[in-house]
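1. Whatever this is, show me its structure:
(chains A and B)
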Amino acid sequence: MQHFVWGILILPLVGFVVNSVIMRLTNRSVSWIGPGSVGLAFVCSLIGFLWLQGQSAATRHWNEVGWNWAIVTGSHEFHLKFGLLLDPLSSTMTLVITGVGFLILVYSVGYMHGEDGYRRFFAQMDLFVFTMLLLVLANNYLWLLVGWAGVGLMSYLLIGYYYQRPSAVAAARKALVMNVIGDWGIMVAIFMMFITFGAVDFDTVFGPRGAVSLPYNGQVITVMGLLLLLGGVAKSAQIPLYTWLPDAMEGPTPVSALIHAATMVTAGVYLVARSYPIYQQSPNALHTVAFIGAAGTVFAASMGLANTDIKRILAYSTMSQIAYMFVGVGVAVYSAGMFHLVEHAFFKALLFMGAGAVMHAMRDELNIQRMGGLRTKLRFTYWTFLVGVLAIIGTPGFSGFFSKEDIIGAAYARAVHGDGWLWIAWALTVIASGLTALYMFRLFFLVFHGEPRDRELYDHAHDAGWAMKTPMIILTFLSIVGGWMAFPGVYNEMEAWLLPVLHRFPVSPQSPGLEPQPFFLTSMIVTLAVTALGVLVAWQIYYRRQPSPERVGALAPAVYQVLYHKYYVDELYDLLFVRPVKFAARRLYRFFEQDVVDFTVDGVGKAVRWMSGRLRLTETGYARNYALSILLGAVILVGYYVFGGR
Amino acid sequence: MPHAEHFLVLSAILFTLGTLGVLIRRDPLIMFMSIELMLNSVNLTFVTFSRYLSSPDGQIFVFIIVTVAAAEVVVGLALIVSVFQRAQDIDVDDLDQMRG
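-> A predicted model of the protein is given here:
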């Protein structure tokens, strides 16, 4: 049964190969092969999941070794194997990737209908799913990095899907550059592992002679954790490497839903959860994770307040929600981060599908200022979107409530148990939950309520077809019941499911404990109160319009401007990095490229041309000249043998 | 009684004449004849050595050369006819398309 893990990995690859190699495939076949291969991979993931469920906690993992990839002999004996690891953590990820991925691909069949490059889209989506699965199934860091870089590449290709549009190409390039910074971090971390542990596979790095054998909170382990975190920060769009994510919304909406909301951007959370023995050994690195997350929750949410682009607001909310997951894993309650990852995949994919349905109805209009009143026109989208909004802000009963409560409660519990710094993290996450309610309901009211602000677009609006509706219905269902696998303070199936992973490797006794955290009602009540306040403010301003949004904006124009311009971070990065590099490049072009390289290359060309000009004089075209040179050659050869050598 | 030297000197003279013919004459037919002359002067050398060394090897070479020369004549004449048809002229110096 456990060997079905190969099927999870290989089926999407087969889908990619078939879709990209067979040129004469009709769009109809592509629509079957693209989602179908991922759907079959989901079945394999389910089989793997059920197999794991049947195992006892001690044996709930399967290390499937494929083959030797590299063998180094000598003083540094080193074997690198290609192998897959199926355990509750990777099984959870494969279920999310293939399950939500399948639904989004089905949705794409409706959404991408009639687009140019239909086959290219599905081929690349299949390849993305394959690389993402490679990332989560690899049993060593090197193959994890291969998948890691692979999803970065597919993200680049799919953001730049509309390659005729300069803004899309620029966004794709930006995403790639920022992701490669993160790839570099992981690469250096792998080098460090190789030097310190002599291996890069999880079993050795996390084993008794791995992370736990290094000094507690020592330099090596902290640097290793921070380098891994650099990768996670770049991939998961956290401070300071987040500016690519809003721009990535240039890609088609299903791409935003799958790659830039549900799966790829949460890889950083997976990486930290997977590397927990390293972070357990270094509280400093762990605190960095928590505080980057805590700052990110508020920072991203505040940028969502002033934006007017429906997809970019969702991008900021993604960034904010992933920041929550970072807080969850950063306070060493890894299951909380993973729990929110799963729930977020459900409701954020749903929200993006809703945004896609709105765009579909509004002729690809993205500006929420030109929408409004769509409640009557898009009844289906209205209700599903409402469920998504309720889930993301953490309304009791909806999935986001349970997972977010898990995280905020964990931060509170850690703070109560003596880690005083975490009070700040807790406070930030609570403030962010209020902001989340505010900007999500602002978006919701501006799009679906009020008067239509663009009559012509409004009149042509209509709900989407069934290929798009069916996945939305399933995700709506999951956005409600998906969270019921835990109830704060009563039971937590997610934690119980992931606990064998956390108990598999030794951790230092000084490290923050991995046992389930106690539940505090205070934290939950405060969070719910702040959230309710956020909803109330949004209701007043954007539904009743008393005071109107314009008047609120005019209260503090400077604040509004700063938020609207995203804290001028793009401009800052432009000034700090882009301009100096461009300046240096121009100088180098002038003084090195032109004066040195071009001079040399042109000089070689000129010399060859001059010499051949001389040489061509010998080529007269007269047969007897050639005959004469043959004769002379013969005379020289004969002369050499007669008079000279032997 | 003629000695080997006589034959060899005659062969050398014939070879030189053939070479000069190839190099100097502009009529392809004459050049062709000169090439045949060079081939046959070599044949004469082979036969001479064969006779004076009492070895049949040289004569075998001669047979091969005569055979190849016959084949070569066919190709050469065909080339000349073809050139004549294209250029309506048989001055080899006009065939200088290969000039660099």
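
2. Quick check: residues of the stretch 501-646 of chain A near chain B?
-> Contacts of the stretch 501-646 of chain A with chain B, taken as Cβ under 8 Å from any Cβ of the partner chain, map to A:616-624, A:627-628, A:631. For glycine as for every other residue, the C-beta is placed from the backbone atoms N, C-alpha and C.

3. out of these, which are inside helices?
-> Per DSSP state H, helices hold the following members of those: A:623-624, A:627-628, A:631.

4. ok, now which ones touch A:Ser142?
-> Quick fix: residue A:142 reads Leu, not Ser. A:69, A:80, A:190, A:200 (Cβ atoms under 8 Å, 6 or more residues apart in numbering or on different chains).

5. State the helix or strand in which the first one lies.
-> Pointing back at A:Trp69 there. strand A:62-72 (DSSP states H and E).

6. Give me the buried entries from the contacts of A:Leu142.
-> Among those, those classed as buried by 16 or more other Cβ atoms under 10 Å in any protein chain shown are A:80, A:190, A:200.

7. Now secondary structure, distance to chain B and pLDDT too, for the residues you listed, in JSON lines please.
-> Below are the buried ones among the contacts of A:Leu142 laid out as JSON lines (DSSP: H, G, I helix; E, B strand; the rest coil; distance: Cβ to the nearest Cβ, whole Å; pLDDT from 0 to 100):
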{"residue": "A:Leu80", "secondary structure": "strand", "distance to chain B": "57", "pLDDT": "84"}
{"residue": "A:Ile190", "secondary structure": "helix", "distance to chain B": "59", "pLDDT": "94"}
{"residue": "A:Val200", "secondary structure": "coil", "distance to chain B": "61", "pLDDT": "89"}
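
8. Identify, from these, the entry nearest to A:Ala558.
-> A:Ile190 (45.5 Å; Cβ to Cβ).

9. per-residue confidence at the nearest residue to that closest one once chain neighbours are set aside?
-> Leaving out its chain neighbours, the residue that sits closest to A:Ile190 by Cβ to Cβ, 6 or more residues apart in numbering or on different chains is A:Tyr141, at 5.0 Å. With respect to pLDDT, A:Tyr141 scores 93.

10. Then the one 4 residues further on?
-> What the model reports for A:Leu145 is a pLDDT of 94.

11. which stretches of the chain have low pLDDT?
-> All of this refers to chain A. Applying pLDDT under 70 to chain A flags the ranges A:645-646.

12. oops, I was thinking of chain B
-> Checking chain B against pLDDT under 70 turns up B:1, B:100.

13. could you pull out the helices for the stretch 251-400 of chain A?
-> Taking DSSP state H, counting those that start in this stretch, the helices of the stretch 251-400 of chain A run over residues A:253-257, A:267-274, A:276-281, A:283-306, A:310-330, A:334-361, A:379-393, A:399-416.

14. Return the list of helices and strands in contact with the third one.
-> To tie it back to what came earlier, the one meant is helix A:276-281. helix A:202-206, helix A:219-235, helix A:283-306 (3 or more Cβ pairs under 8 Å, 6 or more residues apart in numbering or on different chains; DSSP states H and E).

15. quick one: which of the buried ones among the contacts of A:Leu142 is nearest to A:Leu422?
-> Using Cβ to Cβ, the buried ones among the contacts of A:Leu142 come closest to A:Leu422 at A:Ile190, 30.0 Å.
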